[in-house]
Structures are given as C-alpha cells and as structure tokens.
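Q: predicted model and sequence follow; I will ask about them next.
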Amino acid sequence: MTPQTLPILYSLRHCPYAMRARVAIFKSNLPVLLRDIKLNNKPSEMLALSTKKTVPMMVIKTDNSLQVLEESLEIMLKLLTTNDPQQLLSPPNTTLEEMLSLIHYFEAELIPANEAYKCAKRYQEKNIVECRQACEVYLQQLELRLTQHRYLLSDNESLMDIALMPFIRQFSKVERQWYQQSPYPKLRAWLNHYLQSPMFTKIMAKHELWVDCHRDIIFGAK
C-alpha cells in the first residue's frame, strides 16, 4: 500500500479510547497514517467526515468507497479481523461473542464509575472514597480472573485485555499512592506488564499535530 491508500487514524495521545485503537494497530501490525489532533482545534478533513466529531476515528479508503469508523471497539475489531497474529479474537474456551459481552459489561459499568472517581478527585469532592469503592466492585472481578490465569480470560492475551487496559491505567492514576498499596496485586502486575512494554512506549510516542504539520506519520508496521 502507498501512503495515499493507507487507513487514516485521527487520534489524541492520552485518550483511552484512542489508546485502544493504537494498541490494536500495533497488535495487528497493519500500518496506518496517524494524525494526532487537539480537541479544541480539530482538522477540517476530520470534521468533514465525522458524525461524532471526536477521536478515535479511522478512515479506510478503497477504490470505490470510503469507510469511516468512529467507535474504538469497532476499529479494534476491524484491524484484528484483518490481521490477528496473536489470536486476540480467539482466546481458549471463550467465543468472540462471549468476550464482547464481557467487554461491553465492563464498559457500561466501570467506565462511568471511573469518570465519577476522576471528577471526585479533580474537584476535591467529599465522596471520593465512595466513588473509588464503586470502581473496586469491578476491579475485584478482574483481580479474581487474574488469580486464575495470566490474562483476563486465559493464559493467552485477548482483545479483552487490550480493550480494558487503558481504563485500568486511568483508574491507577487518580490516587497513585492508594493504588500502589491496594489489595489488587495481580491487577497491578498485569497493568505494569503493559506499561513497561515496548508496545506502550510505541503507542504513547508524541508526534507533531496534524493541523500544524500536515505530515504523514506511518504508524503500526513493525
């Protein structure tokens, strides 16, 4: 593929949803054109195609059509369905449908609880402990899974691991000292495995903003 025909990913470096997409690009080993943006200065090229006006957004060009994907999980599935060398979509003893159901469950429950916890810390609200405990209901479930095997579904990494990792990272940063002493040693080790990996260094690399340089940055091919 030439740079002109590569998929384009509009991304924001610290957004957990955009992080998901970049991890999936890395895992699929499929090159894309990466366009980093700022939410207060979105490029016209993105706005012209987007319905949600936010990241991540992937644009896939073919000879006869233009496909626009605006959900992070949809982008991950598209990439890994195309190329899945580590079999992240087929963990042992779990169907893809079952895995997606679990991911949706944690998305619906943990992510809003996480947002409330972040807000409680940011605005120094008195209910921060209650907000943290609301998150812990789901962390306890993940910790239990990790006492049974290396990753969340088995001893093999899966889509569920890389889909939830950015949000566990987000939780870990709210009250760092509490988190480091929290009763979730397996979860901490699982998260550290990602944060200390060459993959994480690659997906969190800082790039020039697209609106500033309009320079093609090819990302994802190892």
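A: Perfect, thanks for sending it.
Q: what about residue 59, which SS state?
A: In three-state terms, and counting by DSSP: H, G, I helix; E, B strand; the rest coil, residue 59 is strand.
Q: for it, give the beta-bridge partners.
A: Under the criterion DSSP bridges, residue 59 forms beta bridges with residue 8, residue 68.
Q: let's see the pLDDT reported for it.
A: As summarised for this prediction, residue 59 has a pLDDT of 97.
Q: compute the mean per-residue pLDDT across the biggest helix by length in the chain, please.
A: Longest helix in the chain, counting residues (DSSP state H): helix 96-122. Across helix 96-122, the average pLDDT comes to 97.
Q: I'd like the distance from that helix to the chain centre, please.
A: Relative to the chain's own centre, helix 96-122 is displaced by 12 Å; criterion: C-alpha atoms, centre = their mean, to the nearest Å.
Q: give the buried residues for that helix.
A: Judged by neighbour count using 16 or more other C-beta atoms under 10 Å, the buried positions of helix 96-122 are 99-100, 102-103, 106, 110-111, 113-114, 116-118, 120. For every residue, glycine as well, the C-beta is placed using N, CA and C.
Q: and if you look at stretch 42-59?
A: Within stretch 42-59, the residues that qualify as buried are 42, 46, 50, 54-59, counting by 16+ other C-beta under 10 Å.
Q: just stretch 154-172 next, same as before
A: Burial within stretch 154-172, assessed by neighbour count using 16+ other C-beta under 10 Å, is assigned to 154, 156-168, 170-172.
Q: can you find the helix or strand of the chain with the lowest average pLDDT?
A: Of all the helices and strands that make up the chain, the one with the lowest confidence by mean pLDDT, DSSP states H and E is helix 210-213; it has a mean of 90.
Q: can you give me the domain boundaries for the protein?
A: For the chain, the domain assignment from automatic domain parsing gives the residue ranges 3-87+200-219, 96-197.
Q: list the contacts of residue 203.
A: For residue 203, the contact set (C-beta atoms under 8 Å, 6 or more residues apart in numbering) comprises 19, 22-23, 25-26.
Q: for residue 181, see how far away the residue nearest to it when sequence neighbours are not counted is.
A: The shortest distance from residue 203 to any residue other than its chain neighbours is 4.1 Å, reached at residue 22 (C-beta to C-beta, 6 or more residues apart in numbering). Computed as C-beta to C-beta, to the nearest Å, the residue 22 to residue 181 distance reads 30 Å.
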